[in-house]
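Q: Here's my sequence, what's the structure:
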Amino acid sequence: MPTLDELYGKSLDEYFERLDSEIDWERVAKEKSRYFVPAKNEIEIKMLQEAYDELAAKNEELNEYGLQLAINRRQAIVKKRKHLERLKKWNKSL
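A: Numbering: from 1, shown residues only. Below is the predicted model of the structure:
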């Protein structure tokens with residue numbers, strides 16, 4: 001897998017460092033998502049940001065495949081959480 005630098009022909013580390021110092025996380029996530037996968041809504045933007053942060057915390061090489069795996073893990077967590085919430089509501093209704 002090529003690195004982001006190879007994919008886009010410029011150093012993105014410096015650009016992302018500058019973005020990370022920003023306070024407007026929604027804008028930052030949207031900007032970062034342009035380089036990976038298009039984010040369609042706020043939930044996807046948040047998931048993308050969490051996935052990016054997970055990869056950055058592990059100090060892994062950033063590539064589209066790794067990011068997609070991280071996003072898939074986040075989506076699975078969200079699905080399980082929603083399922084548990086539905087079960088709790090159902091239990092309370094009994």
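Q: Residue ranges in this protein under the pLDDT threshold?
A: By pLDDT under 70, the low-scoring segments of the chain are 1-45, 59-63, 94.
Q: Select the longest helix from it.
A: helix 64-93 (DSSP state H).
Q: so what does that one touch, helix or strand wise?
A: The contact analysis (3 or more Cβ pairs under 8 Å, 6 or more residues apart in numbering; DSSP states H and E) places helix 64-93 against helix 42-58. No exception for glycine: its C-beta is placed from N, CA and C like everyone else's.
Q: For the helix it packs on, which residues meet the burial criterion?
A: Judged by neighbour count using 16 or more other Cβ atoms under 10 Å, the buried positions of helix 42-58 are 44-52, 54-55.
Q: Pull the contacting residues for residue 50.
A: Taking Cβ atoms under 8 Å, 6 or more residues apart in numbering, we find residue 50 in contact with 70, 74.
Q: run the last query once more with 10 Å
A: When contacts are counted by Cβ atoms under 10 Å, 6 or more residues apart in numbering, residue 50 touches 29, 70-71, 73-74, 77-78.
Q: how far away is the nearest residue to residue 71 once chain neighbours are set aside from residue 67?
A: Nearest residue to residue 71 in three dimensions, chain neighbours excluded: residue 51, at 4.5 Å (Cβ to Cβ, 6 or more residues apart in numbering). Separation of residue 51 from residue 67 (Cβ to Cβ, to the nearest Å) stands at 6 Å.
Q: With residue 46 instead?
A: Applying Cβ to Cβ, the value for residue 46 to residue 67 is 14 Å.
Q: how far off helix 42-58 does the longest helix of the chain point, in degrees?
A: 120 degrees (axes from the mean of the first three to the mean of the last three Cα atoms, to 10 degrees).
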